[in-house]
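A.B. asks: Pasting the sequence and the predicted coordinates here, then a few questions.
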Amino acid sequence: MPETSKSLFYNSQNGDRLYDADSFEHWLKRFFTSGVFTGCCQVTASGSGMTCTMSAGYANVDGKVRFFDESVTLTLQNAHSTYDRIDTIVVERNDVDREITAKVVTGSYSATAVATAPVRSGGIYQLVLAEVYVAAGSVSVGQGNITDKRPDTSVCGYVVSAVSTPDFSELYTQFTSQFAEWFEHMKDQLDEDAAGHLQNEIDTLAEQQLIKKTVDITIPEGLTSFVYQDAWITENTDCYAHNIARSNPSAIISWNFNNGHVDFQLSKTLDYNLSFSFGMIK
């Protein structure tokens, strides 16, 4: 068993700190997910024949790592004359051989070919870098036949932090309790004047939210004045223009309220229809 019950990692003194490879794997799996690092181990077509190339880079395979310091050329089996298949390019951890290698897993021939699922048992752990579609009768692999699977976390994924988002539930419970205590203390300290003023402010805001409207208005060309009548405008008090958006700024618009009407005046006669929105809030 790896030594995990003591502080990691210190040099041993008289045998009091004994670690092995599994100790480091155990530690690494707590911080990083399996996968390849961003920009690493991309599979591309070689340009001719039944070969493809995996670029250099780092892979973290369930706690053990391999750095491919140069690209790897991988050769696929020849295509079938009748049936298609889908091969997978994998980085494989083999605990029996104590190696992490890049290899081709040849798919099964079928009229409806599917990719082989990665093996993750019996001392084997595979990350699927790419799927390669091998059509019946093909003699070469093109880039269009290759599907990059590195972003797919179900078969590979990019290496990211394995540390989950902290649980703030206890802190939330504490703050909720403290607020409840503060409110219980404060609610009886509001005198009638303060409480009444607060309610008036609430009522005013509620009324403003209810009595508001925006309409689209068009003043035909050739006019310098225009009257808009609508029952929702009942009085001048506390009404004001809101959200004016003119289609052409060359004309200055002014307006006034007249008992259910809005009288618009233009600074000059226009040779086009003037459209804008006009809002009222009371």
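C.D. replies: Now that the structure is in, tell me what you want to look at.

A.B. asks: Tell me where this structure has helices.
C.D. replies: Using DSSP state H, the helices of the chain run over 21-29, 169-186, 192-210.

A.B. asks: low-confidence ranges in the stretch 51-200 of the chain?
C.D. replies: 162-172, 182, 186-197, 199-200 (pLDDT under 70).

A.B. asks: can you do 90?
C.D. replies: Low-confidence segments of the stretch 51-200 of the chain, defined by pLDDT under 90: 62-64, 111, 159-200.

A.B. asks: Where do the strands of it begin and end?
C.D. replies: In chain order, the stretch 51-200 of the chain shows strands spanning 51-54, 57-61, 64-68, 72-75, 85-94, 99-105, 120-121, 124-134, 146-148, with DSSP state E, counting those that start in this stretch as the criterion.

A.B. asks: Just send these back as a markdown table, with mean neighbour count and distance to Thr33 too.
C.D. replies: Where C-beta positions appear, they are placed from N, C-alpha and C, glycine not excepted. A markdown table is the format used below for the strands of the stretch 51-200 of the chain (neighbours: other CB atoms under 10 Å; distance: least, CB to CB, whole Å):
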| stretch | mean neighbour count | distance to Thr33 |
| --- | --- | --- |
| strand 51-54 | 20 | 20 |
| strand 57-61 | 21 | 8 |
| strand 64-68 | 17 | 12 |
| strand 72-75 | 15 | 23 |
| strand 85-94 | 23 | 14 |
| strand 99-105 | 16 | 16 |
| strand 120-121 | 10 | 14 |
| strand 124-134 | 22 | 11 |
| strand 146-148 | 16 | 18 |
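
A.B. asks: Can you lay out those as CSV showing distance to Thr173?
C.D. replies: CSV is the format used below for the strands of the stretch 51-200 of the chain (distance: least, CB to CB, whole Å):
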stretch, distance to Thr173
strand 51-54, 50
strand 57-61, 37
strand 64-68, 40
strand 72-75, 53
strand 85-94, 43
strand 99-105, 45
strand 120-121, 39
strand 124-134, 40
strand 146-148, 45
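
A.B. asks: Tell me which of those strands sits nearest to Cys156.
C.D. replies: strand 124-134 (4.5 Å; CB to CB).

A.B. asks: What is the closest one packed up against?
C.D. replies: Using 3 or more CB pairs under 8 Å, 6 or more residues apart in numbering; DSSP states H and E, the elements in contact with strand 124-134 are strand 35-36, strand 43-45, strand 51-54, strand 57-61, strand 85-94, strand 146-148.

A.B. asks: so that strand versus strand 57-61, what angle?
C.D. replies: Counting by axes from the mean of the first three to the mean of the last three CA atoms, to 10 degrees, strand 124-134 lies at 130 degrees to strand 57-61.

A.B. asks: Since that was my last question, I'll sign off now.
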